[in-house]
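# Below: sequence and its predicted model.
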Amino acid sequence: MKFQLPNNFYRLKLFISYTDSSRPLFLENVPMRCLTQFLSVAAVGAVLISGTALANETVNVGVCVSWPGYAMLEVARQKALIPGYDLNITIFEDPLGGHSALAAGQIDVYGCTAEYVPVAVESGLNVSNVAYLNPSYGVDHIILAPGIKPEDLKGKKVSAPQAYIGHLLMGLWLDSKGIAPGDVEWVNLNADEAVGPMLSGDLSAAYMYEPWISKVLEAMPGAESVVNTTDPDMLKTGIFMDSMYMNKTFIAERRTAALAILKAEWEGRGYWHANVEETNQLMADFLKWPVDDINYVIGTNGKSLEGGIYMFDFDEAARTCGVLEGEPPFGLPNGSMAGSEELTNDWWIKLGLMKNKVDVSKGIDCSLMGDLVATGYRQSFSAK
């Protein structure tokens, strides 16, 4: 006689190993209701046997400099938006030092600017850019000294921090005025370091951001900002970006954690959008900034601030990766990340930082963004 199982039975075979026994327990043809009850009891028993609950998994996160664009994982951490994980977040205040720590596996995840990808590929570093986070939306400026016109700059001193976005902005702007990189004398200074030389007349042009722009313009009547990253030609390059990097071994061996981190970035942004005042204060406390400075960079409308940064929602970032249909903002094409990094590579060669073209795809991994899209994860928000 053939026995027919009822529809509410499933032919299952489970292997369960106990800490106090090497003998396995096999279950077959168990009602799903009973099986569920059994597994619940077994799970509780496992905790009781071990004497402790399962610990959260730790992920080490680096932030290259104190900057609101890199603070969303701290929002996710404080607001418990990444269950099952503890985030150990370190602010480096040293972009290259943080990149070195990421490549060495001392940290798993790193927030920094996007222009490092070609350099990392050429150096064979074990890192990937996994997402664009937000473009500069007017933070970065070129300031021209009083009485200086663009055509006067040949042979003059101009300052920008080498191998950073200011270097690129200065190069692109000079190129737009018909001035080649070799036509000027470059001085490797960050914005705060350039204030004194500008005021003393030693520099003819300098890369700057606030509060240094205002200090120079107030102290030097006739000085002017000649270009910034709200310029449509600058925005559509896609190279003035903050990015999330990950160690490739971390992605390969702990992919579930990598996906959780990536999702938490945008969960933090969603919380910020819904609770701007509270979240801006949280960021101020974390970065040790006055909250007014946070407001000045990231805005108070839950999306963007002209003169600050434009926060990509998940859908916009996924489109720059080319894993979600639709066009990103600012004239960027779908899948623009690779093209932006190729342009950066070209400019590093022009500026003498690199010698060769590289395959930038070796430093980009959009598969994690694609996996989140495949799960149905979406996020789109506008200024309030």
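That came through fine.
# what's the neighbour count on the closest residue to Ile179 other than its chain neighbours?
Closest residue in space to Ile179, ignoring its immediate chain neighbours: Leu153 at 5.8 Å, by CB to CB, 6 or more residues apart in numbering. From N, CA and C alone the C-beta is placed, and that goes for glycine too. For Leu153, the count of nearby residues is 20 (other CB atoms under 10 Å).
# quick one: contacts for Leu153?
Each residue near Leu153 by CB atoms under 8 Å, 6 or more residues apart in numbering is listed here: 174, 177, 179, 183-184, 204-205.
# Closest to Val139 out of those residues?
Nearest to Val139 among these, counting by CB to CB, is Ala205 at 17.5 Å.
# from what I can see the closest one touches Gly171, true?
No: taking contacts as CB atoms under 8 Å, Ala205 lies outside contact range of Gly171: 11.8 Å.
# who's more crowded, these two?
Counting neighbours by other CB under 10 Å for Ala205 and for Gly171 shows that Ala205 has the greater number, 26 against 21.
# Report the beta-bridge partners for the more buried one.
Legend: beta-bridge partners of Ala205 under DSSP bridges are Leu144, Val158.
# Could you check how far it is from Trp289?
28 Å (CB to CB, to the nearest Å).
# Could you do Lys157 as well?
Distance of Lys157 to Trp289, computed by CB to CB: 31 Å.
# now swap in Met170 and tell me
Counting by CB to CB - Met170 and Trp289 are separated by 26 Å.
# Those two - which one has more neighbours?
Each of Met170 and Trp289 has its neighbours counted (other CB under 10 Å); Met170 has more, 24 against 19.
# surely that one meets Lys157?
No: counting by CB under 8 Å, Lys157 is not a contact partner of Met170; they are 11.6 Å apart.
# and stretch 94-107, how far from the chain's centre?
Relative to the centre of its chain, stretch 94-107 is centred 14 Å away, using CA atoms, centre = their mean, to the nearest Å.
# Show me which positions of that stretch end up buried.
Neighbour counts over stretch 94-107 (16 or more other CB atoms under 10 Å) mark 95, 98-99, 101-103, 107 as buried.
# ok, so of the residues you listed, who is nearest Tyr164?
Pro95 (7.1 Å).
# What is the neighbour count of the spatially closest residue to that closest one that is not a sequence neighbour?
Leaving aside its sequence neighbours, Pro95 sits nearest to Cys64 (CB to CB, 6+ apart; 4.1 Å). The tally of other residues near Cys64 (other CB under 10 Å) stands at 23.
# likewise Ser340?
Neighbour tally, Ser340, other CB under 10 Å: 25.
# Same question for the one 10 residues further on.
Neighbouring residues of Lys350 were enumerated by other CB under 10 Å; the total is 16.
# Run through the helices of the stretch 1-150 of the chain in chain order.
32-50, 72-78, 95-103, 117-123 (DSSP state H, counting those that start in this stretch).
# Send me the second one as CSV with only the CA atoms.
Read it as helix 72-78. Taking C-alpha atoms only, helix 72-78 is exported to CSV below (Å, rounded to 0.1, in the frame of the first residue of the first chain):
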residue,chain,number,x,y,z
MET,A,72,25.6,58.7,7.4
LEU,A,73,27.0,55.4,8.7
GLU,A,74,27.3,57.1,12.1
VAL,A,75,23.6,58.0,11.8
ALA,A,76,22.8,54.4,11.0
ARG,A,77,24.9,53.2,13.9
GLN,A,78,23.3,55.5,16.5
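# what pLDDT, on average, does it get?
Computed over helix 72-78, the mean pLDDT rounds to 98.
# Please shift the residue numbers so they start at 10 in all later answers.
Shifting the count to begin at 10 puts that one at helix 81-87.
# on contacts alone, who are the packing partners of it?
Using 3 or more CB pairs under 8 Å, 6 or more residues apart in numbering; DSSP states H and E, the elements in contact with helix 81-87 are strand 94-100, helix 264-283, helix 285-296.
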